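Colleague: 3D, please:
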Amino acid sequence: MTRNPIAAFDHRTGFKLGAPVGFKDYMWEALKDPAAGINMIQTAENLAKKYSISREDVDAFASESFAKAVAAQQSGFLAGEIVPVITEKFELEGYKPRGIKLQGKVTEVTQDTHPRISPADVLAKLRPVYEGGVQTGGNSSALVDAAAACVVTSGAYAKAKGKKPMARVVAAAVAGVPPEIMGIGPAPAIRLLLARTGLKLSDIGRFEINEAQGAQTLAVGRELGLDLSLLNVNGGAIALGHPLAATGVRLTITLARELARSGKRYGISSACVGGGQGIALLIENPNA
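Modeller: Numbers count the residues shown, from 1 in each chain. This next block holds a predicted model:
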């Protein structure tokens with residue numbers, strides 16, 4: 001995420017002498033919906049108005065996300081799903097060497113670096129991104145770098161190889177919503193998932209819903225009538241970060257491990273998708 005470039009979009013065909021040479025933040029461009037004409041933070045602000053979510057609500061939610069993530073780090077829970085990243089080189093005959101070089105004098109990273117205790121009264125002092133809005137740099141998902149991976153196989157293959165799966169994928173669902181409120185996407189996706197499986201919301205022991213913005217996640221909770229004590233119990237993206245493309249795997253791995261720890265049977269991981277979608281995955285703890 002930190003390698004997103006500052007890009008020049010208008011230079012391919014040249015430009016006149018003296019014309020302004022414009023550069024734009026490529027990531028900010030990617031976070032703008034051209035159909036609705038607004039960015040992702042503005043979609044969260046729309047949800048805050050729709051669901052009467054206050055700045056105090058969002059800061060309190062963010063503070064709790066940080067606190068849960070710090071507690072999960074200190075207990076060693078999060079370490080169980082993290083592979084340390086080190087400065088190293090990869091070499092294979094016939095190819096140019098590739099490698100990872102950490103910044104500065106750091107030679108190893110063993111845990112997420114963004115979580116820190118963040119009291120609500122401290123978060124309340126941050127300026128909103130938009131005047132009169134509820135979203136700030138402290139109650140929105142953090143900008144972090146990450147990668148995530150998992151192995152998915154059939155039950156027959158796992159049994160034949162004597163492998164014990166961490167979780168069973170039961171069902172998935174995708175739903176569309178208006179792009180200007182894209183963050184509400186997990187709500188209809190989760191409803192569709194439950195309808196397909198015949199389960200009720202009360203059958204789900206844990207939820208992992210990506211905290212793209214605090215107001216967005218709270219809106220999903222209010223729309224579903226969700227018990228927030230079951231949501232992101234080890235912290236969410238406000239504290240841990242939202243590395244695009246890695247987030248979905250991270251959510252699901254954390255969820256599978258939490259189901260194993262808590263002994264709960266079913267869990268749902270879900271995320272909103274820019275452009276107006278929601279996606280949800282139902283997994284089962286094979287040992288519950």
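Colleague: so who does the closest residue in space to residue 144 that isn't next to it in sequence touch?
Modeller: Excluding its sequence neighbours, the residue lying closest to residue 144 (Cβ to Cβ, 6 or more residues apart in numbering) is residue 241, at 3.0 Å. To be clear about C-beta, it is placed using only N, CA and C from the backbone, and glycine gets the same treatment. Contact analysis of residue 241 by Cβ atoms under 8 Å, 6 or more residues apart in numbering lists 1, 112, 114, 141-144, 146.
Colleague: what of residue 128?
Modeller: So residue 128 contacts 55, 134-136 (Cβ under 8 Å, 6+ apart).
Colleague: 6 Å instead?
Modeller: Counting by Cβ atoms under 6 Å, 6 or more residues apart in numbering, residue 128 makes contact with residue 136.
Colleague: what average pLDDT does the strand or helix carrying residue 122 get?
Modeller: Counting by DSSP states H and E, the element that carries residue 122 is helix 120-123. Helix 120-123 carries an average pLDDT of 98.
Colleague: who's in contact with that helix?
Modeller: 59-60, 62-63, 138.
Colleague: which of those are buried?
Modeller: 59-60, 62-63, 138 (16 or more other Cβ atoms under 10 Å).
Colleague: so where's the longest helix in the chain?
Modeller: When the chain is parsed with DSSP state H, its longest helix is helix 55-74.
Colleague: hey, C-alpha coordinates of that one in PDB?
Modeller: The C-alpha trace of helix 55-74 is given here as PDB (Å, rounded to 0.1, in the frame of the first residue of the first chain):
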ATOM      1  CA  ARG A  55     -18.600  11.100  15.700                       C
ATOM      2  CA  GLU A  56     -18.600   9.900  19.300                       C
ATOM      3  CA  ASP A  57     -19.900   6.500  18.200                       C
ATOM      4  CA  VAL A  58     -17.200   6.100  15.600                       C
ATOM      5  CA  ASP A  59     -14.400   7.200  17.900                       C
ATOM      6  CA  ALA A  60     -15.600   4.800  20.600                       C
ATOM      7  CA  PHE A  61     -15.700   1.900  18.100                       C
ATOM      8  CA  ALA A  62     -12.200   2.800  16.900                       C
ATOM      9  CA  SER A  63     -10.800   3.000  20.400                       C
ATOM     10  CA  GLU A  64     -12.200  -0.500  21.100                       C
ATOM     11  CA  SER A  65     -10.700  -1.900  17.900                       C
ATOM     12  CA  PHE A  66      -7.300  -0.600  19.000                       C
ATOM     13  CA  ALA A  67      -7.700  -2.000  22.500                       C
ATOM     14  CA  LYS A  68      -8.700  -5.500  21.300                       C
ATOM     15  CA  ALA A  69      -5.900  -5.600  18.800                       C
ATOM     16  CA  VAL A  70      -3.300  -4.700  21.400                       C
ATOM     17  CA  ALA A  71      -4.800  -7.300  23.800                       C
ATOM     18  CA  ALA A  72      -4.600  -9.900  21.000                       C
ATOM     19  CA  GLN A  73      -1.000  -9.000  20.400                       C
ATOM     20  CA  GLN A  74       0.000  -9.200  24.100                       C
END
